[in-house]
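1. Starting from these lines, generate the structure:
(chains A and B)
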Amino acid sequence: MNAEAQATPAGDATSAGDAIIEARGLRKSYGAVPALAGVDFTVRRGRIVGLMGPNGAGKTTALKAILGLTDFDGDLKVLGRDPRVERDRIMEEVCFIADVAVLPRWLKVRQALDYVQGVHPRFDRSKAEAVLARSEVRMAAKIGELSKGMTTQLHLALVMAIDAKLLVLDEPTLGLDLIYRRSFYDTILNDYFDHERTLLITTHQVEEVEHLLTDLLLIRHGKIVLDAAVEDLSGRFVQLVASRENAEAARRLGPLHEREVFGRVGMVFDGRRADELAAFGEVRTPSIPDLFVAVMQDGASAKGAAAAGAAS
Amino acid sequence: MIRNAMHGPFMTLVRRELWEHRSLVWGPLAMALAIIVLSLLSSAMHGGVSVMFADGDALPASMRDAAQQRAIFGVWIGALIVPQVLVGMVVVVFYLLDCLFTERRDRSILFWKSMPVSDAKTVLSKLFVALVAMPLWIWALTMVVGIAVFAVVAAKVSGTPAEALGTWHGGTWLALQASLLGKSLVAALWYLPVAGYLLVVSVLAKRSPFVWATLPFFVLSIAERTALGTSHVGEFVGRRLTGFFDEFAVRAGGEDAGRMLGSVYAKFGEFPLPASAELWLGVVAGAALVYAAIRLRRRSDDS
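-> Here you go, the predicted model:
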């Protein structure tokens, strides 16, 4: 993240008005266990940000802080407001879909529309009805009678009918079968996302969202270990696949992570140029899952390496 | 305009409560229907309520003057109201204990909190349902039950010596219903701390809110009796739960039946509680508890 900040000092100043979420020194502990240990990040308008990390890394806590569901220390602004005291105002322009269906089972589909229409000033009922008309969800059905996939379709229909600035998705496809998972993200990308809107997605199914994301926020042990735009990854990270003989020499350049694949050694470097490494083997830009694994498995050294990379 | 009001944000929250808690609607309605059906049955079988009126000679002499007849009528209507009020109270107590508990247990709180609805509005909508909407609903049902049961009895006693007694005391009835409406308002104030307490338990309990609501008082009460030999805790709780009824209950010691009925009837027109510090201290405590419930709901999620 240091590299980011240094790479675009001017960008920070000019686009400050674009900040949808701004966290500075965000902290939260459960007892003695820190869930967020001083986190800084900014989510800008029009981006699709993946907040990713292993279970227990702090991503759910970060989301709960953003959505006004939990207390925290430090400074956090969502659309310029403090979620601790202005959740209701923030939620006029923020939508949220949580992992498995959290829609109440006793509610009927029609009542769900009535309710959102009654309480939400930016809800367009006809849009939601149009989306539902294309699905198998019947208006008279109780949510408890719907399948998981249909419940998610309903939630998506409600959310798509709300003119919001930020959509937060927390493991939205957990427990869905492949067809619904695909169509979920397709619908969001094709029918919802425009460059005025912002998406914040948490998931540990990295492969599922890697082609959507414009920004990565990787979190581990309550700290951000990588904060980068996807378009900047190729300039910063290099993946090298080298033979065992060449591996020792390459290792001296300080890889973030290495693993052995079919008798060859795969290494991920932060802040090394591809031409420095090309002599040792094949080089390419690591995929997001590769990067995820590299950063997550060597978290302690990744911090140091990231700082070293930024300095070089 | 009324339609707009019914679909405004606050009334939407109220309607949402009734969608979830069907027993709020059906509980009192079932009781009302049961009373009407029972009065029909008892009338058909020459038993029950109507016997008292049909056999005029069985009445003591003191009950035959107009004032006493009116008193009997009043008490009789009152007797129809009491079971309806009790059922309503039971339903409301369980509603209050459930309303901020289930949303956490089934995780739907994550949906409710994703809507632009403040915690204050959420909690106040539940309080409104418990202390305003439900009393009005039960009151409306007592109107229907009063008319229906009276019609059944009137048909039964027509042409008998009890006909005069059974005559519709329309003015008395309306006065009673008006009194009941007024007393419902007083009751809402009297029971505000109870409702606030139940909301706090509902928002805090990890499981079994009913046990959490009642157990502390049992334990405290037993501990007090064991350690000090007194029973202040029990008296305090008892007074708060039944005090409202005490205000117009029968003080029966030594009075004959006629005077007793008269005094019950007279109580319907009295409103002693609003003048008591006890009521207003309770309102202050209740407001504090409701505020606590709002603050606690702000921090509650699905965990």
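2. Need the pLDDT of the residue of the stretch 1-150 of chain A found nearest chain B.
-> Residue of the stretch 1-150 of chain A nearest chain B, by CB to the nearest CB: A:Gly118 (2.7 Å). Backbone N, C-alpha and C define where each C-beta goes, glycine included. As predicted, A:Gly118 sits at a pLDDT of 94.
3. what number of residues lie near the residue lying closest to A:Gly118 once chain neighbours are set aside?
-> Residue nearest to A:Gly118 in three dimensions, not counting chain neighbours: B:Thr12, with 2.7 Å by CB to CB, 6 or more residues apart in numbering or on different chains. Neighbourhood size, B:Thr12 [other CB atoms under 10 Å in any protein chain shown]: 20.
4. Same check on the one 10 residues further on?
-> Using other CB under 10 Å, the number of residues around B:Arg22 comes to 10.
5. What separation is there between the residue nearest to A:Gly118 and A:Gln111?
-> According to CB to CB, to the nearest Å, B:Thr12 stands 10 Å off from A:Gln111.
6. Could you do B:Leu40 as well?
-> The value you get for B:Leu40 to A:Gln111, if CB to CB is used, is 35 Å.
7. Out of those two, name the residue with the larger neighbour count.
-> The neighbour count for B:Leu40 versus A:Gln111, taken as other CB under 10 Å, is higher for A:Gln111 (18 against 14).
8. tell me which strands and helices the strand or helix carrying the more buried one is in contact with?
-> Here A:Gln111, judged by DSSP states H and E, is contained in helix A:109-119. On a contact count with 3 or more CB pairs under 8 Å, 6 or more residues apart in numbering or on different chains; DSSP states H and E, helix A:109-119 meets helix A:125-133, helix A:148-160, helix B:9-20.
9. okay, how far is it across stretch A:257-265, tip to tip?
-> Taking CA to CA, to the nearest Å, stretch A:257-265 runs 10 Å from one end to the other.
10. Okay, buried residues for that stretch please.
-> Using 16 or more other CB atoms under 10 Å in any protein chain shown as the test for burial, stretch A:257-265 gives A:His257, A:Glu258, A:Val265.
11. same thing with stretch A:31-50?
-> Going by neighbour count (16+ other CB under 10 Å), the buried part of stretch A:31-50 is A:34-36, A:39-45, A:47-50.
12. Please dump these into CSV; it should also carry distance to A:Val293 for every row.
-> Formatted as CSV, these follow (distance: CB to CB, whole Å):
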residue, distance to A:Val293
A:Pro34, 24
A:Ala35, 22
A:Leu36, 23
A:Val39, 21
A:Asp40, 24
A:Phe41, 21
A:Thr42, 25
A:Val43, 24
A:Arg44, 26
A:Arg45, 30
A:Arg47, 23
A:Ile48, 21
A:Val49, 20
A:Gly50, 14
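13. Determine which two of these are furthest apart.
-> A:Pro34 and A:Arg45 (30.1 Å; CB to CB).
14. tell me the contacts of the residue lying closest to A:Arg44 once chain neighbours are set aside?
-> Excluding its sequence neighbours, the residue lying closest to A:Arg44 (CB to CB, 6+ apart) is A:Asp18, at 4.6 Å. With contact set as CB atoms under 8 Å, 6 or more residues apart in numbering or on different chains, A:Asp18 has these partners: A:Arg44, A:Arg45, A:Gly46.
15. do you know how far the residue nearest to B:Leu29 when sequence neighbours are not counted is from B:Leu289?
-> Closest residue in space to B:Leu29, ignoring its immediate chain neighbours: B:Leu141 at 6.6 Å, by CB to CB, 6+ apart. Separation of B:Leu141 from B:Leu289 (CB to CB) stands at 29 Å.
16. now B:Asp302
-> 24 Å.
17. higher neighbour count, those two?
-> Neighbours were counted for B:Asp302 and for B:Leu289 using other CB under 10 Å; B:Leu289 has more, 20 against 16.
18. How about the residues of the stretch 151-300 of chain A by chain B?
-> For the stretch 151-300 of chain A, the residues in contact with chain B (CB under 8 Å from any CB of the partner chain) are A:His155.
19. And the residue of the stretch 151-300 of chain A closest to chain B?
-> For the stretch 151-300 of chain A and chain B, the shortest gap (CB to the nearest CB) falls at A:His155, measuring 7.9 Å.
20. Isn't that residue up against A:Phe96?
-> No: using CB atoms under 8 Å, A:His155 is not in contact with A:Phe96; the gap is 9.6 Å.
21. what touches both of those two?
-> With CB under 8 Å, 6+ apart as the test, A:His155 and A:Phe96 reach no residue in common.
22. what does the stretch 1-150 of chain A have sitting close to chain B?
-> With CB under 8 Å from any CB as the criterion, the stretch 1-150 of chain A meets chain B at residues A:64, A:67-71, A:87-92, A:94-96, A:98, A:102-108, A:111, A:114-121.
23. Now, of these, which are buried?
-> A:64, A:67-70, A:87-92, A:94-96, A:98, A:102-104, A:106-108, A:111, A:114-120.
24. Can you tell me which residues in the stretch 201-303 of chain B are near chain A?
-> Residues of the stretch 201-303 of chain B lying close to chain A by CB under 8 Å from any CB are B:Arg298, B:Arg299, B:Asp301, B:Asp302.
25. quick one: average pLDDT of the helix or strand containing B:Pro193?
-> Using DSSP H and E, B:Pro193 sits in helix B:192-204. Averaged over helix B:192-204, pLDDT sits at 95.
26. Please apply the same query to stretch B:123-135.
-> Averaged over stretch B:123-135, pLDDT sits at 96.
27. That stretch: which residues count as buried?
-> Along stretch B:123-135, these residues count as buried under the neighbour rule (16+ other CB under 10 Å): B:Val123, B:Leu124, B:Ser125, B:Lys126, B:Leu127, B:Phe128, B:Val129, B:Ala130, B:Leu131, B:Ala133, B:Met134, B:Pro135.
28. Over to stretch B:77-93?
-> By neighbour count on 16+ other CB under 10 Å, the buried set for stretch B:77-93 is B:Ile77, B:Gly78, B:Leu80, B:Ile81, B:Gln84, B:Val85, B:Val87, B:Gly88, B:Met89, B:Val91, B:Val92, B:Val93.
29. isn't A:Val116 right next to A:Ala157, touching?
-> No: the pair A:Val116 and A:Ala157 does not pass the contact test of CB under 8 Å, sitting 10.0 Å apart.
30. Tell me the residues that contact both of the two, please.
-> Between them, A:Val116 and A:Ala157 share the contacting residues A:Ala128, judged by CB under 8 Å, 6+ apart.
31. mean confidence for the host helix or strand of A:Glu248?
-> Assigning secondary structure by DSSP H and E places A:Glu248 in helix A:244-251. Taken as a whole, helix A:244-251 has an average pLDDT of 78.
32. same check, this time on stretch A:170-183
-> Mean predicted confidence for stretch A:170-183 is 84.
33. contact partners of it?
-> With CB under 8 Å, 6+ apart as the criterion, stretch A:170-183 contacts A:60, A:63, A:96-100, A:148-149, A:152-153, A:184-185, A:201-205, A:208.
34. gap between it and the chain center?
-> In terms of CA atoms, centre = their mean, to the nearest Å, the centre of stretch A:170-183 is set 15 Å apart from its chain centre.
35. Only alpha carbons, please: show that stretch as CSV.
-> The C-alpha coordinates for stretch A:170-183 follow below in CSV (Å, rounded to 0.1, in the frame of the first residue of the first chain):
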residue,chain,number,x,y,z
ASP,A,170,-20.4,-10.4,1.5
GLU,A,171,-19.8,-13.9,0.2
PRO,A,172,-23.0,-13.5,-1.9
THR,A,173,-22.8,-16.8,-3.7
LEU,A,174,-22.0,-19.0,-0.8
GLY,A,175,-24.2,-22.1,-1.0
LEU,A,176,-25.4,-21.4,-4.5
ASP,A,177,-25.0,-23.8,-7.3
LEU,A,178,-22.8,-23.0,-10.3
ILE,A,179,-25.6,-21.7,-12.6
TYR,A,180,-26.9,-19.2,-10.0
ARG,A,181,-23.4,-18.1,-9.2
ARG,A,182,-22.6,-17.3,-12.7
SER,A,183,-25.8,-15.5,-13.4
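36. Many thanks, I have nothing further to ask.
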